[in-house]
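S.K.: no sequence for this one, just the structure:
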C-alpha cells in the first residue's frame with residue numbers, strides 16, 4: 001500500500017536461531033471460558049503431543065477469561081503439575097482480549113493458539129509453526145476449506161463457514177481461505193506491531209488480524225487440517241455472525257478511508273535487503289497498470305458521455321475541453337487513490353494541479369486531432385469525431401500514465417531510501433534511533449494472575465499498552481554479513 005508516510009518498521013524475516021534449553025520457542029495459548037470439563041484432558045493431550053513430537057522448548061498458556069465455574073482451579077492445578085504449563089486469569093470475557101493480552105506478555109518468538117475442544121488434528125501443529133520458525137512466513141492458519149482438508153461437521157455449520165468466507169472475499173478482498181478456524185500462529189515481532197491495530201476483543205479478532213496483515217503485504221501460510229466438529233460447542237452462532245458482520249463493515253470502512261497505518265508493518269523484499277539490491281526495476285508496475293487501465297476505461301466512458309452531452313448545445317472544441325476537464329479531475333482523484341495508493345488529503349491540491357498539466361497535454365492532443373479532422377472534412381459525422389477522439393485519447397493515456405508514475409505520484413520509498421543514505425553519509429543517526437534502541441532494551445515482567453486493562457496502581461487502561469517490545473529473536477549472532 002502506498003502512502004505519504006515513512007516505510008514499515010519490520011525487519012526482514014530470518015530463521016530463528018536455536019535458543020537455550022529453558023527458553024520456549026513456542027507458546028500455545030488456549031483461551032477458555034467455563035471449560036472445567038474439557039480443559040484438563042485437552043491440556044494433557046496437547047502436552048503429551050508436544051513432548052513427543054515438537055523439537056523445540058514450548059509452553060502451554062491457559063487464558064481463562066472470566067470463567068465462573070471451577071476452570072480457574074483446574075488451570076492452577078495443571079500449572080502446578082506440569083512445568084511447561086502456566087495459567088493466566090482475566091476478569092473480562094472475550095477470546096480476542098485473552099489472546100491479545102497473553103500474546104503481548106509472552107517472551108516466546110512464536111505465538112499460537114487453539115480451541116480447547118482440540119477439533120483440529122494436532123499433527124498439523126508442527127507444519128503450522130515451521131514456516132514461522134524458518135522465517136518464510138509471518139502468520140500461519142489452519143484451513144478447513146483447503147482441497148486436501150478433511151472435515152466432519154454438520155451442513156448448517158458448513159454453510160455458515162463458507163458463506164462467511166465468501167463475504168470476506170467479496171467485501172474485503174480477502175485471499176486466505178478460512179478466517180475462523182481455531183488454529184493459528186504468528187511471529188512475536190509481527191504481533192508486537194500488528195496487535196495494537198486490531199480493535200475487536202471477541203470472535204472477529206482473528207479475521208481483523210488476518211485482513212490487516214494481508215493488506216499490509218505480510219505472508220500468511222495456510223495448512224490443510226483434519227477437523228471434527230464439536231457437538232457441544234457453546235458458540236452462539238447468530239450473535240457471533242452479527243458481530244462479525246459489524247466487524248466486516250468497520251474494517252472495510254477503515255480500509256476505504258485509509259485510516260489504518262498499514263505501512264507500519266510492511267516487510268522489505270527478500271531475506272536481507274542487501275541481497276536484493278535491484279535497480280531500475282519499477283515497483284508495483286503490473287498492479288498499477290491494471291488499476292490505471294480500469295480507471296482509464298471508466299474515465300473514457302465518462303468523458304464520451306460528457307462530450308455527447310456538451311456537444312448537443314456547443315461546438316466540438318468547447319465540448320471536448322469541458323468534458324476533458326471534468327473527467328481529468330475525476331481521473332486524477334481515482335488514480336491517486338486506487339492506482340497509486342495515496343491516502344489522506346495531504347498533497348491532494350498539488351496532485352490535482354499537476355493532473356491539470358497532464359490534462360493540458362491531453363487537451364492539445366485531442367484538440368489537434370479534431371482540428372485536423374475539421375480541416376479534412378467540413379462536416380464530419382458524429383461517429384467519426386468519436387473515433388478520432390478515442391484514438392487520440394489512447395495516445396494521451398500512455399503519456400498520462402508515464403507522467404503520473406514519474407512526476408505526479410512518484411514512489412515515496414525511493415526518496416526515503418535516498419534520505420537514509422544521506423543521513424549515513426553525513427555521519428548522522430537516523431531520526432528516532434535513540435527511541436528505538438531504548439525500546440529494545442526494555443524488559444518485561446510477567447504475572448500469573450491479573451485483570452485485563454488493570455495497571456499496578458489500580459487504574460484501568462488498554463491492556464495492550466502494558467507490555468513493551470522485547471529484543472527481537474530474529475538476529476543470528478553467527479551471521480557474518
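M.R.: Thanks, I have it. None of these values were measured; they are calculated from a predicted model.

S.K.: Averaging pLDDT per element, find the lowest-scoring helix or strand in this structure.
M.R.: The weakest-scoring helix or strand in the chain, judged by mean pLDDT, DSSP states H and E, is helix 433-440 (a mean of 36).

S.K.: Tell me how many other residues crowd the residue nearest to residue 135 when sequence neighbours are not counted.
M.R.: Spatial nearest neighbour of residue 135, chain neighbours left out: residue 13 (3.9 Å); criterion: CB to CB, 6 or more residues apart in numbering. Backbone N, C-alpha and C define where each C-beta goes, glycine included. Look at residue 13: counted by other CB atoms under 10 Å, it has 24 neighbours.

S.K.: Repeat that for the one 10 residues further on.
M.R.: Using other CB under 10 Å, residue 23 is surrounded by 14 other residues.

S.K.: List the buried residues in whatever helix or strand residue 385 lives in.
M.R.: Using DSSP states H and E, residue 385 sits in helix 382-403. The neighbour-count check on helix 382-403 (16 or more other CB atoms under 10 Å) flags 385, 388, 389, 392, 393, 396, 397, 400, 401, 403 as buried.

S.K.: and if you look at stretch 303-323?
M.R.: Residues 303, 304, 306, 307, 310, 311, 316, 319, 320, 321, 322, 323 are the ones in stretch 303-323 that count as buried (16+ other CB under 10 Å).

S.K.: tell me what the helix ranked longest in the chain is packed against?
M.R.: In the chain, with assignment by DSSP state H, the single longest helix is helix 348-376. Packing partners of helix 348-376 (3 or more CB pairs under 8 Å, 6 or more residues apart in numbering; DSSP states H and E): helix 316-334, helix 382-403.

S.K.: I'd like those helices laid out as TSV, including mean pLDDT.
M.R.: Formatted as TSV, the helices and strands packed on helix 348-376 follow (pLDDT from 0 to 100):
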stretch	mean pLDDT
helix 316-334	86
helix 382-403	81
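
S.K.: Reformat those helices as TSV; add distance to residue 354.
M.R.: Formatted as TSV, those follow (distance: least, CB to CB, whole Å):
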stretch	distance to residue 354
helix 316-334	8
helix 382-403	8
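
S.K.: Which of those sits closest to residue 358?
M.R.: Taking CB to CB, helix 382-403 is the member of the helices and strands packed on helix 348-376 nearest to residue 358, at 5.1 Å.

S.K.: Direction-wise, compare the helix holding residue 385 with helix 316-334 and give the angle.
M.R.: Here the directions of helix 382-403 and helix 316-334 differ by 40 degrees (axes from the mean of the first three to the mean of the last three CA atoms, to 10 degrees).

S.K.: so helix 382-403 versus helix 348-376, what angle?
M.R.: Helix 382-403 runs at 140 degrees relative to helix 348-376, counting by the same axes, to 10 degrees.

S.K.: that older thread, buried residues in the longest helix of the chain?
M.R.: Using 16+ other CB under 10 Å as the test for burial, helix 348-376 gives 351-352, 354-355, 358-359, 362-363, 365-367, 369-370, 373.

S.K.: cool, stretch 34-54 as well?
M.R.: Across stretch 34-54, burial judged by 16+ other CB under 10 Å covers 34, 35, 38, 39, 40, 42, 43, 46, 47, 50, 54.

S.K.: Contacts made by it with the rest, please.
M.R.: Applying CB atoms under 8 Å, 6 or more residues apart in numbering, the contact partners of stretch 34-54 are 26, 28, 30, 32, 58, 60, 62, 67-71, 74-75, 77-78, 82, 84-85, 114, 116-118, 122-123, 125-126, 234.

S.K.: which among those residues end up buried?
M.R.: Buried members of those, counted by 16+ other CB under 10 Å: 26, 28, 30, 32, 58, 60, 62, 67, 71, 74-75, 78, 84-85, 114, 116-118, 122, 125-126.

S.K.: coming back round to it: tell me the secondary structure of the residue nearest to residue 135, please.
M.R.: Of the three states, residue 13 takes coil under DSSP: H, G, I helix; E, B strand; the rest coil.

S.K.: how near is it to residue 382?
M.R.: Here residue 13 is placed at a distance of 59 Å from residue 382 (CB to CB, to the nearest Å).

S.K.: hmm, back to that, looking at the helices and strands packed on helix 348-376, which is closest to residue 285?
M.R.: Within the helices and strands packed on helix 348-376, the stretch nearest residue 285 is helix 382-403; the backing value is 10.1 Å (CB to CB).

S.K.: just to revisit the earlier point, determine which two of the buried residues of stretch 303-323 are furthest apart.
M.R.: Using CB to CB, those span at most 14.6 Å, a distance reached by 304 and 321.

S.K.: what about the helices in the stretch 151-300 of the chain?
M.R.: For the stretch 151-300 of the chain, the helices defined by DSSP state H, counting those that start in this stretch occupy 155-172, 188-194, 205-215, 237-257, 285-311.

S.K.: Poorly predicted segments of the stretch 251-400 of the chain, please.
M.R.: Low-confidence segments of the stretch 251-400 of the chain (pLDDT under 70): 268-284.

S.K.: returning to what we had before: wait, which of the buried residues of stretch 303-323 is closest to residue 189?
M.R.: Ranked by distance to residue 189 (CB to CB), the buried residues of stretch 303-323 are led by residue 303 at 48.4 Å.

S.K.: Let me know the distance separating the closest residue to that closest one other than its chain neighbours from residue 337.
M.R.: Beyond its immediate neighbours in the sequence, the residue positioned closest to residue 303 (CB to CB, 6+ apart) is residue 327, lying 4.0 Å away. Separation of residue 327 from residue 337 (CB to CB): 16 Å.

S.K.: So which of those two has more stuff around it?
M.R.: Neighbour comparison, residue 327 and residue 337: the larger count goes to residue 327, with 23 against 17 (by other CB under 10 Å).

S.K.: Would you mind listing the residues in contact with the more buried one?
M.R.: Listed by CB under 8 Å, 6+ apart, the contact partners of residue 327 are 299, 302, 303, 306.

S.K.: for the nearest residue to residue 356 once chain neighbours are set aside, what are its contacts?
M.R.: Among residues not flanking residue 356 along the chain, residue 328 sits closest, at 6.9 Å (CB to CB, 6+ apart). Each residue near residue 328 by CB under 8 Å, 6+ apart is listed here: 355, 356, 358, 359, 362.

S.K.: rewinding a little: can you put the buried residues of stretch 303-323 in a markdown table and add distance to residue 250?
M.R.: Formatted as a markdown table, the buried residues of stretch 303-323 follow (distance: CB to CB, whole Å):
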| residue | distance to residue 250 |
| --- | --- |
| 303 | 36 |
| 304 | 38 |
| 306 | 36 |
| 307 | 41 |
| 310 | 42 |
| 311 | 45 |
| 316 | 49 |
| 319 | 44 |
| 320 | 44 |
| 321 | 43 |
| 322 | 40 |
| 323 | 39 |
